[in-house]
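# Following is a predicted model, sequence given first.
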Amino acid sequence: MQLVLWDIDHTLIATRGLGRQIFADCFERVTSRQMRTQAAVDGMTEPVIFQETARLHGIASDRALFEEFARCSAEEHRRRAAELRERGHALPGAAAALDAFARLEGVAQTVVTGNIRPVAEIKLRAFGLDTHIRWQYGGYGEDHDDRAALVQTAIRRAGRALGTRIAAHDVLLIGDTPADVAAALSSGVRVLAVSTGRSSPADLREAGATDVAVNLNDTQVLLRVLSRA
């Protein structure tokens, strides 16, 4: 059994600013402070982004405050799903790549994402990219602050659900940031880095990625990388 772990934001989809707006609205709702600035988001998990953004505003956050924020975020993403479809979009080649992997026998696909699970599901469902994702296998923002730990969480969950041990060399992580690359390398899994976000191919190679693609359009490249995993 091979396991493909997808990042979501800037790998499969782009929200075109709506995600930041929802973050700001929910931040204000739970802290009673208008968000002046947001902490770095690329490759970070939602609890870390919230904690660091709170710190930038002089607010000491705890798990209870984050959980209140997370409930608001899920609620707002559900309420604004139609707006998400209108403003955002699936990235080029995303649907075809998911379909290509789904046609392979012995390959399961899930996500490793800094998003909390309800938001991850809403985002991919909005663009019809949820069909092949086995959500119960995934690693999500609420599971751990560290992205590398989410990789291990997803491998364990998939192994338990499938009744088999999944070896690290049978896992391929696909993401767009140096943090995705670092998480894969520290977990001993293969990584395909795509420069569909803010990181250039050079940035991704410098982070340690040996397989780098400009986007997901060339499914044959993706399949070749998977075959070596």
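Received, thanks. Everything quoted here is computed from the prediction, not taken from an experiment.

# Under the pLDDT cut-off, which ranges of the protein? List them.
Residues of the chain that meet the criterion pLDDT under 70 lie in 229.

# Would you map the helices across it?
18-31, 46-56, 63-79, 81-87, 94-102, 117-126, 147-162, 178-187, 201-206, 219-227 (DSSP state H).

# Could you list the buried residues of the second one?
Spelled out, it's helix 46-56. By neighbour count with 16 or more other C-beta atoms under 10 Å, helix 46-56 contains the buried residues E46, P47, V48, I49, F50, Q51, T53, A54. All C-beta spots, glycine's among them, are computed from the backbone N, C-alpha and C.

# on that earlier part again, format the helices of the chain as TSV; extra columns: distance to W135.
As requested, these are arranged in TSV below (distance: least, C-beta to C-beta, whole Å):
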stretch	distance to W135
helix 18-31	19
helix 46-56	16
helix 63-79	14
helix 81-87	17
helix 94-102	14
helix 117-126	6
helix 147-162	10
helix 178-187	19
helix 201-206	27
helix 219-227	21
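
# ok, I59 touching E28?
No: using C-beta atoms under 8 Å, I59 is not in contact with E28, being 11.5 Å away.

# Which member of the buried residues of helix 46-56 is positioned nearest Q2?
Nearest to Q2 out of those is E46 (C-beta to C-beta; 27.7 Å).

# Tell me, how many residues neighbour R33?
For R33, the count of nearby residues is 12 (other C-beta atoms under 10 Å).

# quick one, what contacts the nearest residue to it once chain neighbours are set aside?
Distances taken as C-beta to C-beta, 6 or more residues apart in numbering put H57 closest to R33, at 5.4 Å, once the chain neighbours are dropped. The contact partners of H57, by C-beta atoms under 8 Å, 6 or more residues apart in numbering, come to T31, R33, M35, R36.

# these two touch, right, the second one and I59?
The reference is to R33. Yes: between R33 and I59 there is a contact at 6.6 Å, judged by C-beta under 8 Å.

# Would you check how far apart the nearest residue to A74 once chain neighbours are set aside and R71 are?
Nearest non-adjacent residue to A74, counting by C-beta to C-beta, 6+ apart: P118, 3.9 Å away. Using C-beta to C-beta, to the nearest Å, one gets 9 Å for the distance from P118 to R71.

# quick one: the residue lying closest to A96 once chain neighbours are set aside from R33, how far?
Once flanking residues are discounted, A96 sits nearest to T219: 5.5 Å by C-beta to C-beta, 6+ apart. Note on T219: its distance to R33, by C-beta to C-beta, is 45 Å.

# How about F127?
Noted for F127: a distance of 32 Å to R33, by C-beta to C-beta.

# cool, and Q152?
Following C-beta to C-beta, the distance that separates Q152 from R33 is 35 Å.

# Kindly report the same for V107.
To R33, V107 is 46 Å away according to C-beta to C-beta.

# again with A158
A158 is 40 Å from R33, by C-beta to C-beta.

# got it, and V112?
Distance from V112 to R33, by C-beta to C-beta: 31 Å.

# likewise A82?
29 Å.

# what do you get for I116?
Distance from I116 to R33, by C-beta to C-beta: 21 Å.
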